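1. A structural model of the following input is requested.
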Amino acid sequence: MSQKLKSLSLSDILLIIAGFFLVILLWQLRSLLLTLMIGVVLAATITPFVDALERFRFPRWLGVILFYLSLIAVLIGIGLLIGPSVSEQIQRLARRFPVYLNNLGIAVENLATRVGITQLETIEEFFDIQALTNWLFRSSQKLVLRSFGVTFGILGAAVNLILAVVISGYMVAGSKSLIEGLVSVFPQPWNERLNAQVLPICRRMGGYVQGRVLVSGILGVAITLALGVLGLSEFALALGTIAAFTNFIPFIGPVLGAIPALIVAIPQGGLTFVWVLLLFVIIQNIETYVLDPLLVGSSVRVHPFYQLLAVLGGTQVLGIIGAVIVPPWVAGISVLVENLYLRPKLLAEAKFTHQGIENTEELGV
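-> Next comes the predicted model:
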């Protein structure tokens, strides 16, 4: 008995040591792991388009090349069409932003005076614009640095993105042989079970990204047009573009996209500010109750609470990149949990209950 305990303790020690070195290895390879994560998400996103081209007898490798060439052409076209205007408006907005922040402070002081707070120190105690601005700047800087810290700087992030695109192309082009090689490592019947989950995982991960891109594009155009109508045409395109990009981050992104527009609306008067605030409230509700369930939720099937946890956890660990990349991974992992654990568990419970009812009926007879 003591010998068994001794051997068990030795194996535990070896497992702990192996786990320790595995963690160190994964930490050293964190940039590569992040690149693989991005590559898998991109592969899941472009697979439906490559499959569609394959039905027209295009080889998969050619389908991947055609998709990425088409995507580059579309991005260049959009850049040439609105890029100069967006860049010029963003630069002008950045120059005027300190003035807008000062106007915000004056508006808060006037509002506080109207409600009976007359001491300036009391106002600054509850709403210090400079301190709030510094906090937002430091928080944003930390998120960006955390994102680049994983990829070893801006150059490393660019290289990793290119590698992720190349890896995703290899994954999609040789998906059949790659999947067969991976699942063959597992014994029967797990190899067949895991092979059956590849397509549902791909659909959910890809569906999430495709839905977010579509929702962000729709909201970006809608916000740009609406801000132009509300009297902010000078910065409408820049503010709409900012809102479209921030909307890639669920839950938090729409709020971040609304803040610059609301600050810019303050000098236009209280009525304009109220209309812009109402606009973003309406946009947020349309996204939450119409676009997300229709374009994202129908394919992802992950409770919004778990999506929020994925965004917060991804942001905490990987910065802005994590907020974008982790949610589709959670959507893919949910397929494994549902099909390999929850569904068999429910079937087993239903079978056990059915057998119990039959046994009770037989005893009653």
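
2. which parts of the protein are strands?
-> In the chain, no strands are found when defined by DSSP state E.

3. residues near Y68, how many?
-> When counting by other Cβ atoms under 10 Å, one arrives at 16 neighbours for Y68. Any C-beta I mention is one placed from the backbone N, CA and C, and that applies to glycine too.

4. show the contacting residues for it.
-> I46, V165, G169 (Cβ atoms under 8 Å, 6 or more residues apart in numbering).

5. from I17, how far out is it?
-> 44 Å (Cβ to Cβ, to the nearest Å).

6. still on that earlier bit, closest to V229 out of the contacts of Y68?
-> Among the contacts of Y68, I46 lies closest to V229 (Cβ to Cβ), at 36.1 Å.

7. was I right about F235 contacting Q91?
-> No: when contacts are counted by Cβ atoms under 8 Å, F235 is not listed as touching Q91 (10.9 Å).

8. between the two, point out the one with more neighbours.
-> Using other Cβ under 10 Å as the criterion, F235 and Q91 rank with F235 on top: 21 against 11.

9. give me phi/psi at the more buried one?
-> Main-chain torsions, F235, degrees, to the nearest 10: phi -120, psi 10.

10. need the contact list for it.
-> Listed by Cβ under 8 Å, 6+ apart, the contact set of F235 reads Q89, R92, L93, L227, V264.

11. that one and W275, how far apart?
-> Here F235 is placed at a distance of 15 Å from W275 (Cβ to Cβ).

12. over to I259?
-> 16 Å.

13. likewise for A238?
-> 19 Å.

14. which one's more surrounded, those two?
-> Higher neighbour count among A238 and W275: A238, with 26 against 18, using other Cβ under 10 Å.

15. what ranges do the helices span in the stretch 201-350 of the chain?
-> 236-246, 252-265, 270-286, 298-300, 304-318, 320-337, 343-364 (DSSP state H, counting those that start in this stretch).

16. least confident of those, on average?
-> Note on these: helix 298-300 shows the lowest mean pLDDT, a mean of 63.

17. what does stretch 216-225 contact?
-> 236-237, 239-241, 243-245, 247-248, 254, 257, 261, 279-280, 283, 287, 291.

18. may I see the ChimeraX selection of the buried members of those residues?
-> To isolate the buried subset of those in ChimeraX, counting by 16 or more other Cβ atoms under 10 Å, use the following:
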select :236,237,239,240,241,243,244,247,248,254,257,261,279,280,283,287,291
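
19. contacting residues for F186?
-> With the criterion set at Cβ under 8 Å, 6+ apart, F186 makes contact with L194.

20. now do it, the pLDDT please.
-> On the pLDDT scale, F186 gets 81.

21. one more: V40?
-> V40 is given a pLDDT of 91.

22. check contacts around it.
-> V40 sits next to S168, M171, M205, W329 when contact means Cβ under 8 Å, 6+ apart.

23. wait, isn't the third one in contact with T45?
-> Spelled out, it's M205. Yes: if you go by Cβ under 8 Å, M205 and T45 touch, sitting 7.4 Å apart.

24. neighbour-wise, which of the two wins?
-> Per other Cβ under 10 Å, whichever of M205 and T45 has more neighbours is M205, with 27 against 22.

25. would you mind measuring from the more buried one to A323?
-> Shown here: M205 relative to A323, a distance of 16 Å by Cβ to Cβ.

26. again, but for I286
-> From I286 to A323 the distance is 22 Å (Cβ to Cβ).

27. any regions of the stretch 1-150 of the chain where pLDDT drops low?
-> Within the stretch 1-150 of the chain, the stretches with pLDDT under 70 are 1-9, 107-150.

28. just the helices in it please.
-> 2-28, 30-55, 60-114, 120-126, 129-151.

29. number of nearby residues for the residue nearest to P200 when sequence neighbours are not counted?
-> Excluding the flanking residues, the one nearest P200 by Cβ to Cβ, 6 or more residues apart in numbering is V335, at 4.7 Å. When counting by other Cβ under 10 Å, one arrives at 20 neighbours for V335.
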